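Asker: could you work out the structure for the sequence below:
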Amino acid sequence: MAVKLDQQKILTALATERKYGYLPFTLHIYDCVTSTNLTLWELISQGATAGNVVIATQQTSGKGQWGRQWISQTGGLYLSVAINPHIAANASYQLTLATAWGITHQLRQCGINVGIKWPNDLVLEGRKLGGILTETKVNQGQITQAIVGVGINWANPVPETGINLQSWLGEAREAGGQGCRGAGEEKYNAQSPVPDIETLICQVLLGIESGVVCLLEEGINILVSRYLEFLVNMGDRVYVNDLAGNVVGVTPQGSLRVSLERGCITDMKTPEIHLEPGRISLGYRSS
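Answerer: The predicted structure is shown next:
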C-alpha cells in the first residue's frame, strides 16, 4: 500500500527552509506512475513550466542511466523537477553534477554523511542510497528544457549493494543518535533531521535548487571543486583497457579524470585520460 504524502507538510517545510527563489515549486503528487520523468514531460507538453515537480512513491517503469531499469518499489522516493537552464547542448552532465552536489550537501547539513559515486549516484556507507537521471531538450544549440529525476531509498526494499535511509536512521537511533547531527543521546523523534519522507522530499528539492543556482551563478569550475569534495572515488585504482590508473578528478564536461601509472605507457606526454560516463563502471561492495 502506497504511503500517502502530506503535500501541505512539504510546502510548509519548503517555505520555512528555502534560501533561493529560483524554482517556484509546484507539486504534483501520485501514488504510482510509470515514471516521474515521463509524467512530467507530459505535463510540460500541456504547459507546465520550470519548477513543476512530480512525486510518487512507486514507479512501474522507472529507468536509470543508459536505459537501465530502476527498481521503484513502494516506500521509496521518486521525484522529477522541471528546469529551464539555457546552457550549451553539450553541458547536460553539468546539471547532473550540480544536482548530485546540491542534494549531497543538503543531506550532509542534516547529519547524513552522503557521498557521490561518479557520475550520478548518492552513496551512504559505501552502498547506493539513490541516483539521478537528467533528460534534456535542445533548441538552437542550447538546453532549453530539462528534467532532473531523483530516486532515493527511503523505506523500500533494497539489494545488497543498496541502503535504506529509514533503516539507517533507525540504526543511528539505536546507537544513541550518533548518525544524526545534534541528536546526542536523545531518542530519534520528530525533532530529528529527517523524521519522515516529507522532510526528505523538502531536503532533496532544496538540494536540487541550490545545485542549479551554484552552476548558473557561480560557474562550472566552482561547482566541480565542490562536487569533488564529496566524490568517494577520489584516489581509487581503476583499470582501463588493461592499463592501471587512479581517479584524480572530474572534467567540467562530467568525464572521469584518470591518471595512468607511468609504467603502463611509453609515448604519452600526459599520462591522464578522460572517460565519459558509461565507459567504465566503478561498482559497489556487497553488505
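
Asker: just the CA coordinates of the helix or strand bottoming out on mean pLDDT in the chain, formatted as PDB?
Answerer: Counting by mean pLDDT, DSSP states H and E, the chain has its least confident helix or strand at helix 165-174, which shows a mean of 84. Taking Å, rounded to 0.1, in the frame of the first residue of the first chain, the C-alpha atoms of helix 165-174 are listed here in PDB:
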ATOM      1  CA  LEU A 165      17.700   5.700   4.700                       C
ATOM      2  CA  GLN A 166      14.800   5.000   7.100                       C
ATOM      3  CA  SER A 167      16.600   1.800   8.400                       C
ATOM      4  CA  TRP A 168      19.900   3.600   8.600                       C
ATOM      5  CA  LEU A 169      18.400   6.400  10.700                       C
ATOM      6  CA  GLY A 170      16.800   3.800  12.900                       C
ATOM      7  CA  GLU A 171      20.200   2.100  13.400                       C
ATOM      8  CA  ALA A 172      21.600   5.600  14.200                       C
ATOM      9  CA  ARG A 173      18.900   6.000  16.800                       C
ATOM     10  CA  GLU A 174      19.700   2.600  18.400                       C
END
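
Asker: buried ones in it?
Answerer: Neighbour counts over helix 165-174 (16 or more other Cβ atoms under 10 Å) mark Leu165, Gln166, Trp168, Leu169, Ala172, Arg173 as buried. C-beta: built from backbone N, CA, C; applies to glycine.

Asker: wait, the first one touches Leu122, no?
Answerer: In other words, Leu165. No. Here Leu165 does not reach Leu122: they are 9.8 Å apart, not a contact under Cβ atoms under 8 Å.

Asker: let's have the buried residues of helix 165-174 in CSV, adding distance to Gly278.
Answerer: Listed next are the buried residues of helix 165-174 as CSV, based on distance: Cβ to Cβ, whole Å:
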residue, distance to Gly278
Leu165, 27
Gln166, 31
Trp168, 29
Leu169, 33
Ala172, 34
Arg173, 39
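
Asker: just name the closest of the residues you listed to Thr99, please.
Answerer: The closest of those to Thr99 turns out to be Leu165 (Cβ to Cβ; 17.5 Å).

Asker: please name the nearest non-neighbouring residue to that closest one.
Answerer: In space, and not counting its chain neighbours, Leu165 is closest to Trp154: 5.4 Å by Cβ to Cβ, 6 or more residues apart in numbering.

Asker: before we move on, what SS does that neighbour have?
Answerer: Under DSSP: H, G, I helix; E, B strand; the rest coil, the three-state class of Trp154 is coil.

Asker: number of residues surrounding it?
Answerer: The tally of other residues near Trp154 (other Cβ atoms under 10 Å) stands at 23.

Asker: residues in contact with it?
Answerer: For Trp154, the contact set (Cβ atoms under 8 Å, 6 or more residues apart in numbering) comprises Gly75, Gly76, Leu77, Asn164, Leu165, Gln166, Ile197, Leu200.
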